[in-house]
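Asks: sequence plus the predicted model coming up.
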Amino acid sequence: MKKYCLSLNLTQLFLLLFFWMPLGLQAQILNEKERAERYDALLNERIHNLMPELMDRHGIDMWILISREYNEDPILRTMLPATWLNARRRTIILYYRDAQKNIFEALAVARYGIGQTIKSAWDKEQQPDQWARLVELIQERNPNKIGLNISEDYGIADGLVKTDYEEFMGHLPEELAARIVSAEPLAVSWVETRTDTEMKEFEALVQVTHDIIAEAFSSKVITPGKTTSEEVVWWLRQKVRDMGLDTWFHPTVDIQRDSEALKSHIEAFSNGYEETVIQPGDLLHCDFGVSYLGLNTDCQQHAYVPFPGEKQVPEFLSQAFASGNRVQDLFTDSFGYGLTGNSILRTALEKGRAEGLRPSIYTHPLGSFGHSAGTTLGMWDAQGGVPGSGDHPMAYKTAYAIELNNTIFVPKWNKDVRIMLEEAGYFDTHGFRYVNGRQESIRLVR
């Protein structure tokens with residue numbers, strides 16, 4: 001190998017090393033111990049720096065989360081350290097904030113602390129009753145509002161189960177029970193808000209996602225006339241596992257070609273193509289995401305399979321793809337602080353239709369969960385708006401899967417083609433930006 005490399009010029013050597021280097025090395029995926037340390041550092045920053053700000057914003061001075069092992073509240077799961085794969089027995093977390101005195105407490109009403117971030121506040125030998133100890137802590141702090149995870153619009157923020165709710169309310173004095181409120185606005189902000197440190201990790205993770213797709217849509221994986229779409233799907237799953245990452249949903253790979261009518265939107269995301277053999281002239285599309293350090297990506301991109309001797313993507317497909325980018329621009333240009341998802345959706349669709357486009361927008365918050373809580377901007381089957389989550393106002397420091405499509409008639413194929421795109425985006429005081437760029441041309445499988 002060394003003798004061979006010496007015969008290459010510097011440019012050739014760089015390219016050889018870059019494409020030979022495993023993606024895990026390029027992205028510096030951490031080993032388990034280092035990963036746990038990084039995750040816990042991110043969590044500690046979120047709890048002690050971000051949480052007080054969010055509690056002040058929403059006027060909730062106490063937030064109580066209750067879960068039992070293997071039946072965890074989704075929000076509580078985001079607060080467990082890396083070494084806690086589940087809650088233990090009945091786990092109760094209490095956050096308290098007094099803005100005037102600049103006091104913030106993160107307490108565990110449990111036999112032991114939850115990692116190094118949430119300190120234990122219950123000695124069972126002193127007070128055998130866990131519920132009685134929780135009430136003592138509440139009475140000592142005398143909060144104005146006690147938030148519980150009860151929500152009609154967000155399943156993620158509705159994690160308090162009936163049994164725990166009834167047990168808690170049965171022990172809570174009447175004067176404190178009157179202070180119970182839904183923690184929905186606080187829970188949603190906790191899930192949707194990204195810290196600056198997290199965004200650095202997130203940008204690298206989106207790059208890894210793009211790199212994996214680039215490899216999947218290459219001759220390393222695809223042999224036209226032989227490879228099936230299902231084989232590419234399972235290559236993606238295996239690649240993620242081999243890199244030490246996880247995926248939060250099963251990927252899909254679908255195919256559009258000149259000899260077949262455009263299938264329904266839902267078939268593109270249901271693995272309905274299964275063992276379809278990929279052929280020259282096919283327009284491929286994937287939906288793929290990975291999970292790492294408590295963050296999740298979600299990406300859709302396109303690739304074209306050239307005929308022998310074909311060196312570039314046909315111009316008619318490139319033009320069709322550009323229409324998808326145009327919908328993205330019209331959509332993200334409509335973002336604004338405090339605007340609801342439904343109003344942004346309506347504005348973007350009106351702009352697109354005014355230009356003769358046929359857009360469909362179904363963008364969702366992204367980060368702590370793949371389909372996360374926050375401002376919902378349409379669903380594929382709800383283009384008139386989404387009650388509840390679509391009325392949530394857009395906030396700063398929030399990330400989204402900019403997911404949408406545009407259908408366009410292609411004379412060359414004498415049929416409609418659907419350009420389906422999805423890229424991670426971020427919105428803050430500087431406006432909107434893509435976390436790690438976006439696809440602006442169709443990949444060539446080569």
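Replies: Looks like it came in fine.
Asks: so where does the residue nearest to Gln300 when sequence neighbours are not counted fall, helix or strand?
Replies: Sequence neighbours aside, Glu422 is the residue nearest to Gln300 in space, at 3.7 Å (criterion: CB to CB, 6 or more residues apart in numbering). All C-beta spots, glycine's among them, are computed from the backbone N, C-alpha and C. Element membership for Glu422, per DSSP states H and E: strand 415-428.
Asks: same question, Arg326
Replies: Arg326 is part of helix 315-332, with elements assigned from DSSP H and E.
Asks: do the same with Glu166
Replies: helix 162-171.
Asks: returning to that earlier point: put the alpha carbons of the strand holding Glu422 into PDB.
Replies: What follows is strand 415-428, C-alpha atoms only, in PDB (Å, rounded to 0.1, in the frame of the first residue of the first chain):
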ATOM      1  CA  LYS A 415     -46.000  12.100 -16.000                       C
ATOM      2  CA  ASP A 416     -45.800  13.900 -12.700                       C
ATOM      3  CA  VAL A 417     -42.600  13.700 -10.600                       C
ATOM      4  CA  ARG A 418     -42.600  14.400  -6.900                       C
ATOM      5  CA  ILE A 419     -39.500  16.000  -5.400                       C
ATOM      6  CA  MET A 420     -39.400  15.200  -1.700                       C
ATOM      7  CA  LEU A 421     -36.900  17.000   0.500                       C
ATOM      8  CA  GLU A 422     -36.100  17.100   4.100                       C
ATOM      9  CA  GLU A 423     -33.200  18.900   5.800                       C
ATOM     10  CA  ALA A 424     -32.400  20.000   9.400                       C
ATOM     11  CA  GLY A 425     -32.900  23.700   9.900                       C
ATOM     12  CA  TYR A 426     -32.400  26.100  12.800                       C
ATOM     13  CA  PHE A 427     -34.100  29.300  13.700                       C
ATOM     14  CA  ASP A 428     -32.700  32.000  16.100                       C
END
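Asks: next, the buried residues of it.
Replies: Val417, Arg418, Ile419, Met420, Leu421, Glu422, Glu423, Ala424, Gly425, Tyr426, Phe427, Asp428 (16 or more other CB atoms under 10 Å).
Asks: now do stretch 432-445
Replies: For stretch 432-445, the neighbour count (16+ other CB under 10 Å) marks Phe432, Tyr434, Val435, Asn436, Arg438, Gln439, Ile442, Arg443, Val445 as buried.
Asks: so which of the residues you listed is the closest to Gln256?
Replies: Of all the buried residues of stretch 432-445, the one with the least separation from Gln256 (CB to CB) is Ile442, at 11.4 Å.
Asks: now do the helices in the chain.
Replies: For the chain, the helices defined by DSSP state H occupy 2-5, 10-20, 23-27, 32-45, 51-58, 74-77, 130-141, 162-171, 174-177, 184-192, 196-216, 229-242, 315-332, 341-354.
Asks: what's around the closest residue to Tyr95 other than its chain neighbours, how many residues?
Replies: In space, Tyr95 comes closest to Trp63 once its chain neighbours are excluded; the distance is 4.4 Å by CB to CB, 6+ apart. Neighbour count for Trp63, taken as other CB atoms under 10 Å: 26.
Asks: how about Trp63, what does it touch?
Replies: Contacts here follow CB atoms under 8 Å, 6 or more residues apart in numbering; on that basis Trp63 touches Met55, Leu94, Tyr95, Ile146, Gly147, Ala183, Leu186.
Asks: Met55 now?
Replies: Contacts for Met55 (CB under 8 Å, 6+ apart) come out as Asp61, Trp63, Tyr95, Arg97, Phe104, Leu186.
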